[in-house]
Each structure stands twice: as structure tokens, then as C-alpha cells.
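*Asks:* need a structure here:
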Amino acid sequence: MQLDEIVETSRRVAATAARRTKIELLASCLARCEPAWVETAVGVLSGAPRHGKIGIGYATLRQAPACSMSCSHEPPPTTRISWSAC
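*Replies:* Numbering: from 1, shown residues only. Below you'll find the predicted structure:
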């Protein structure tokens, strides 16, 4: 069981209004989980991950390697406003 499968199950549960379908999706996901993943899956599926905050702050992000993905969207140019004394 991969985390993306758990997240996809969560998305599908949120997208349906049928209670029986929700139960079937959750039961199927949890049945496929390895024992070591059950606690994590239950936390993610219930909206309460077991670790709460993951502790990623600005210092951690600064130390992360640069992303190799390229973005086709350029940010808008900045506009400079100069204020003169009245």
C-alpha cells in the first residue's frame, strides 16, 4: 500500500455521498494495508494524521535541494510605486 493509494481513497470517499460506498472504499483500503501502514492509513483517512504537524519550517525548505521540474507559468512583473513627500 502506497500513501498515494490512501490519499486517493480519501478523495473518493469525500466525493461520494453514499454511506455504503464510503464504507466499502474505507474497508477495501484498510484490508489492503500492510499491518505497519494501518495506523497511518486510519489517521489520514480520518483527517487526523498520527504525527499532527510534520515540522517542516522555512529552515528545512531552504536546505532542500532545488526542484528539477520547470514551470511554464512566469510570475507577473512587479510594479514599483514611488511615493513622493507632500
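*Asks:* ok, which stretches of the protein are helices?
*Replies:* Ranges of helices within the chain are 3-15, 19-32, 35-46, 58-63, based on DSSP state H.
*Asks:* and those helices as TSV, adding mean pLDDT and mean neighbour count?
*Replies:* C-betas here are computed from N, CA, C, even on glycine. Rendered in TSV, the data for the helices of the chain read as follows (pLDDT from 0 to 100; neighbours: other Cβ atoms under 10 Å):
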stretch	mean pLDDT	mean neighbour count
helix 3-15	91	14
helix 19-32	94	13
helix 35-46	87	14
helix 58-63	72	8
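*Asks:* just list the residues touching residue 12, thanks.
*Replies:* Contact criterion Cβ atoms under 8 Å, 6 or more residues apart in numbering gives residue 25 as the residues in contact with residue 12.
*Asks:* where's residue 48 relative to residue 37, distance?
*Replies:* In this view, residue 48 and residue 37 are 16 Å apart by Cβ to Cβ, to the nearest Å.
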